[in-house]
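Asker: sequence first, predicted model second:
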Amino acid sequence: MQDWAVELQRFFTSGASDTQAIARAVIACNDAEICRYLPALPPRDDQSMALGRHLVQRLANSGLAPEATVLQLVVSLPWIAMAENARRLPFEHRSQFAGFLKGLTDTCRNQPETTPSLAVMCSLRGRYHSDTRDFAAARGAYEEARDIRRRLAGADPQTYESDLAGTLNNLGNLYRATRDFAAARGAYEEAVMLAESDLIVGGTSLHLGKGRVSASYRFLLSEARDDTARAFALLASQRDGRARSSAMTAVDLAATQETLAAMGRSGLCPFGLLAPTVGANDTTMTLGLVTAEDCQWFPVPIKGWDALLTTGWTTGNQRERRTLAREIWRGLPDTVQAVLSPGSPQSHEILISGDRFWAAFPWELLLFGDGDHEHLGLHKALPRCGSVLAPALQRQFAAEALGSGDRRMAVVAPHTTGRIPLVGVEREIAALETLAPAASGVFVVKKTGEAAHDRLMIEAIRTEPAILYFSGHGTIVNNEELLVLHRDPRPRNPRENISYFGADNLHRMALEQPDRPLFPHAPLIVMNSCLTGRTREFGGFREDLVYALLDHGAGAVIATALPILDDVGEALGRALFDPAALAEPTVGSLVVEARRQLAQGACADIDSVRWGAWGMVHIHGNANAIPPLRARGQTMGGNDAGR
């Protein structure tokens with residue numbers, strides 16, 4: 001192996017992400033040597049993408065490579081990653097890259113063994129021409145890719161139907177951009193049909209197949225607003241990775257409505273389901289409202305709404321956010337306002353089942369009254385849920401008491417020590433050491449600093465606590481929401497001293513005990529960390545960490561989808577175990593009380609970036625269940641100020 005290849009292999013096998021070092025390795029060799037090494041590299045990891053950027057720049061600047069080299073590039077795995085970075089080229093190099101793509105396409109046409117790669121080249125050309133708004137050229141390229149993949153899928157549907165679905169989705173986007181809505185509808189409908197085909201359903205990748213055609217679902221849902229059963233089927237298929245819209249009927253909608261009615265009969269007021277979804281375009285949301293009696297769909301203009309979710313605001317902008325919170329409320333349909341408003345005769349307890357953006361959106365901050373403090377989330381829990389189908393809702397809301405009446409707690413807080421310790425976490429855990437025992441809480445695990453490592457997290461879950469409490473750093477790596485832990489020091493691992501814990505770890509643990517749930521007592525799980533409360537499309541198929549926990553038996557999860565400041569996290573931990581919160585009858589009202597304490601304390605200053613941060617505190621799962629801990633000497637009512 002050449003010296004450059006040895007150096008490159010070292011970076012790829014070690015997991016390093018030093019882009020400059022990779023670039024030096026690339027620049028030191030010629031294109032033919034690069035091509036001999038490319039097939040061994042994974043197609044979509046960060047290092048392949050970095051390598052792709054540098055190769056694109058080299059080839060765009062130097063002109064077309066020899067045909068043999070081009071062919072090797074075409075059949076190599078990371079080529080897709082390399083070409084996907086073409087849009088990052090400086091504008092003056094884009095025409096050169098367009099010529100390079102055309103040369104690759106022509107080469108593929110002369111090589112029968114590269115027919116699948118020809119489809120890739122056509123799709124990439126379609127994307128490139130769409131980006132440059134040459135829609136006629138884009139249409140020709142995409143339609144050629146569709147025709148090739150249709151032939152390939154006819155011979156080998158299990159391999160190529162998913163690719164065909166993705167191409168149809170992109171082609172539908174192009175038709176819609178050129179206002180050919182009939183053609184767009186046809187492409188989108190076929191894309192959804194293929195994504196939900198038996199070939200994909202029979203395996204484990206149905207949710208991934210649907211993810212490739214998400215624009216198709218959004219367009220068809222926006223068009224199906226007058227057909228409530230069809231609209232509900234499309235929504236349910238987006239919210240549950242195991243569901244197929246083609247297999248659902250009005251019976252499924254009726255079952256969900258009956259479940260909501262049963263939940264209302266067991267509580268103090270009726271239940272409803274709010275389902276916000278990105279619309280067919282960037283300026284409109286499709287908003288579904290399902291109650292026991294009705295199912296309605298609304299197109300809602302959302303221009304400027306994303307500013308309410310923005311983090312890192314300067315002090316002056318918080319007042320603008322408060323104004324926006326009132327404007328958004330006034331922009332909601334009257335029917336939606338009526339079921340959301342705490343003082344309305346039509347008020348419901350509302351579950352929110354949103355896509356990635358609309359689940360994270362701070363509905364809690366909306367101002368429903370004339371005052372500056374009448375925020376929705378200070379009166380209603382607004383729990384998030386994933387699947388909207390009756391069986392999932394029934395499982396999610398089955399437990400009457402979280403933790404099955406137990407009071408044992410497992411606390412894992414890794415970042416009280418280290419190079420940059422989280423001082424707020426240290427104070428937070430010290431407060432819990434007083435607050436939890438005052439409510440009869442018993443610590444079965446309480447580890448901080450370097451003792452809170454990955455193996456300890458597994459042991460904490462194995463104790464089957466009523467409350468599993470994590471406080472520290474959270475992150476997202478390769479689109480996975482992860483808790484950041486120390487690495488168990490006993491196995492020698494010189495690479496790094498941190499470890500991650502996420503959905504995959506839970507799945508592996510569950511496989512070790514297939515005869516019972518991982519969380520058999522429906523515990524309350526708190527993740528007081530950045531980002532780990534993010535949910536994604538098709539969360540019912542355990543795509544994200546929150547719904548992995550719920551799918552494995554957790555009763556409720558408290559988390560945030562956004563970054564959270566250390567001192568706000570500390571205040572949240574204290575508020576969740578404050579006697580006034582623990583006196584509340586349900587875990588949902590406990591969260592509402594904790595938000596009130598943050599809104600009146602750590603997040604009260606309208607001229608601080610902390611203002612409104614309490615709106616990031618979301619509860620997922622059964623907000624109607626009894627909390628594991630109760631304050632001594634408190635009545636069931638708790639603090640009812642403002643209700």
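Answerer: Everything's here; your move. Being a predicted model, the structure only gives us computed values, none of them experimental.
Asker: please count neighbours and contacts with C-alpha atoms only from this point.
Answerer: Noted.
Asker: all helices of the stretch 501-643 of the chain, in order?
Answerer: Under the criterion DSSP state H, counting those that start in this stretch, helices of the stretch 501-643 of the chain are mapped to 503-511, 545-551, 566-576, 579-582, 587-600.
Asker: and the third one, average pLDDT?
Answerer: Average pLDDT, helix 566-576: 93.
Asker: which strands or helices does that helix pack on?
Answerer: Helices and strands touching helix 566-576, by 3 or more C-alpha pairs under 8 Å, 6 or more residues apart in numbering; DSSP states H and E, are helix 423-438, strand 524-528, helix 587-600.
Asker: now tabulate the ones you listed in CSV and tack on mean pLDDT and distance to residue 295.
Answerer: Shown next, in CSV, are these (pLDDT from 0 to 100; distance: least, C-alpha to C-alpha, whole Å):
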stretch, mean pLDDT, distance to residue 295
helix 423-438, 93, 43
strand 524-528, 97, 31
helix 587-600, 95, 25
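Asker: out of the helices of the stretch 501-643 of the chain, which is closest to residue 265?
Answerer: With C-alpha to C-alpha as the measure, helix 587-600 is the member of the helices of the stretch 501-643 of the chain nearest residue 265 (17.2 Å).
Asker: quick one: buried residues of the closest one?
Answerer: Residues 587-599 are the ones in helix 587-600 that count as buried (16 or more other C-alpha atoms under 10 Å).
Asker: give me the angle between that helix and helix 566-576.
Answerer: Orientation check (axes from the mean of the first three to the mean of the last three C-alpha atoms, to 10 degrees): helix 587-600 against helix 566-576 gives 130 degrees.
Asker: if we look at helix 587-600, which residues are touching it?
Answerer: When contacts are defined by C-alpha atoms under 8 Å, 6 or more residues apart in numbering, helix 587-600 is touched by residues 377-381, 383, 568, 571-572, 575-576, 578, 580-584, 604, 611-612, 614-615, 617, 619, 622-627, 639.
Asker: on that earlier part again, ok, the buried residues of helix 587-600 vs residue 172, which is closest?
Answerer: Set against residue 172, the nearest of the buried residues of helix 587-600 by C-alpha to C-alpha is residue 588 (41.8 Å).
Asker: what separation do you get for that closest one and residue 524?
Answerer: 11 Å (C-alpha to C-alpha, to the nearest Å).
Asker: residue 350 now?
Answerer: 20 Å.
Asker: what do you get for residue 168?
Answerer: With C-alpha to C-alpha as the criterion, residue 168 and residue 524 are 43 Å apart.
Asker: just residue 536 next, same as before
Answerer: From residue 536 to residue 524 the distance is 21 Å (C-alpha to C-alpha).
Asker: helix, strand or coil for residue 443?
Answerer: Here residue 443 is recorded as strand under DSSP: H, G, I helix; E, B strand; the rest coil.
Asker: just give me the neighbour total for it.
Answerer: Using other C-alpha atoms under 10 Å, residue 443 is surrounded by 17 other residues.
Asker: quick one: residues contacting the nearest residue to it once chain neighbours are set aside.
Answerer: Nearest residue to residue 443, sequence neighbours excluded (C-alpha to C-alpha, 6 or more residues apart in numbering): residue 409, at 4.8 Å. By C-alpha under 8 Å, 6+ apart, the contact set of residue 409 is 441, 442, 443, 444, 445, 465, 466, 467, 468, 469.
Asker: and residue 409, bridged to which residues?
Answerer: Beta-bridge partners for residue 409, by DSSP bridges, are residue 443, residue 467.
Asker: return the per-residue confidence for it.
Answerer: At residue 409, pLDDT is 96.
Asker: from residue 164, how far out is it?
Answerer: For residue 409, the distance to residue 164 - C-alpha to C-alpha - is 50 Å.
Asker: residue 611 contacts residue 317, doesn't it?
Answerer: No. If you go by C-alpha atoms under 8 Å, residue 611 and residue 317 don't touch, sitting 10.3 Å apart.
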